[in-house]
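# Just the structure for this:
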Amino acid sequence: MQIHYFTGDFSSIERALWDGDAVKAFFFVKDKQIILLEDSYFFLMASMRKLRMSIPLYYTTEFFRHLFYDKILEKGFLEGIIHFLVYRKPREHSLHKGELSYSFRAVPLDLFKIQGNYTVDIIKEIYLSTHLLDNIRVHSAENIYAKIYAQENDLDEVILLNSHKRIARCISGNLLFLTGKKLHLPKTSEGAYISPLMESFVTFVHRSDLATLSPAEMSAFESQTAEEILIISDEKGIYSINKIRNKNFNNTKFSSWISMWKEDLLLKQIGKIQ
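Got it, this is the predicted structure:
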């Protein structure tokens with residue numbers, strides 16, 4: 001069951017529709033509890049600042065905790081992702097002082113389960129830039145083009161390159177490449193998204209000494225040398241890549257690590273409640 005909520009009337013969302021003047025962020029629910037709330041909150045605040053939004057003083061972690069509890073959790077939502085969109089109300093002048101409205105929807109999802117095994121390829125018709133706004137969730141014509149390209153070519157996802165023809169990310173999230181004991185992840189300066197969910201996972205991997213983290217500038221060819229490839233998407237959850245062109249991959253280690261990460265996060269959540 002999806003749950004939808006928005007503030008204001010239709011005119012409030014006009015700028016988001018006509019001008020793309022909006023920022024997206026994602027919050028995560030497990031066992032009727034908001035997890036990683038502070039991480040998601042600070043990502044949202046940073047994204048709004050980058051888009052020069054005037055952030056209300058009441059936008060605090062407690063505001064969002066109570067908002068989601070009243071509008072989502074009390075209605076029986078147990079687990080999934082809250083898609084949160086904040087946008088400026090129509091205003092002719094002083095956009096940076098414009099009032100804000102927001103909408104959100106809660107989508108049920110098993111957060112700590114690999115949702116599917118993807119067949120992907122590298123798209124070379126378009127490239128991502130790597131400026132200030134490219135690692136937050138704003139309107140992206142490149143994502144729209146890439147989704148259509150994937151559908152037309154019977155692919156589940158595509159790997160997007162930056163203007164230097166190095167790996168940036170995929171449409172919905174970030175890529176992690178495991179080779180031996182090294183976990184390679186494209187840098188945000190290469191066009192990867194800032195991702196609270198991925199940050200939590202790689203921090204756990206590092207802290208547990210499961211692999212050596214290697215923020216990387218990766219050529220397209222290097223994707224073929226990995227043993228396992230994972231997609232972590234704040235928007236859609238976790239997916240593994242099982243095929244790029246003629247190369248097949250497994251997800252044995254990543255599956256095990258995700259189970260361990262889940263237990264670690266839930267123990268921390270229990271500790272916070274107590």
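# Can you give me the domain assignment for this protein?
3-108, 114-263 (automatic domain parsing).
# how about the helices in the stretch 151-274 of the chain?
196-207, 252-273 (DSSP state H, counting those that start in this stretch).
# What score does Ser200 have for pLDDT?
The confidence metric pLDDT takes the value 96 at Ser200.
# surely it meets Leu37?
No. Ser200 is beyond contact range of Leu37, at 11.6 Å (criterion: C-beta atoms under 8 Å). (Each C-beta comes from the backbone N, C-alpha and C, glycine too.)
# Which residues are in contact with the most centrally placed residue in the chain?
By C-alpha atoms, centre = their mean, the chain has its centre lying nearest to Asp234, at 2.7 Å. When contacts are counted by C-beta atoms under 8 Å, 6 or more residues apart in numbering, Asp234 is found next to Ala25, Phe26, Ile81, Arg137, Gly173, Tyr193, Ser195, Pro196, Leu197, Met198.
# let's see 10 Å
If you count contacts by C-beta atoms under 10 Å, 6 or more residues apart in numbering, Asp234 has them with 24-28, 36, 40, 43, 81, 83, 137, 172-174, 193-198.
# State the distance from it to Arg137.
Distance of Asp234 to Arg137, computed by C-beta to C-beta, to the nearest Å: 8 Å.
# Roughly how far does Thr212 sit from Val202?
Remark: distance between Thr212 and Val202 (C-beta to C-beta) = 11 Å.
# These two: which has the busier surroundings?
Taking neighbours as other C-beta atoms under 10 Å, Thr212 and Val202 compare with Val202 leading, 21 against 12.
# Now do the contacts for the residue nearest to the more buried one when sequence neighbours are not counted.
Spatial nearest neighbour of Val202, excluding adjacent residues (C-beta to C-beta, 6 or more residues apart in numbering): Leu213 at 5.9 Å. By C-beta under 10 Å, 6+ apart, the contact set of Leu213 is Leu176, Lys182, Leu183, His184, Leu185, Val202, Thr203, Val205, His206.
# buried subset of those?
The neighbour count (16 or more other C-beta atoms under 10 Å) marks Leu176, Leu183, His184, Leu185, Val202, Val205 as buried among these.
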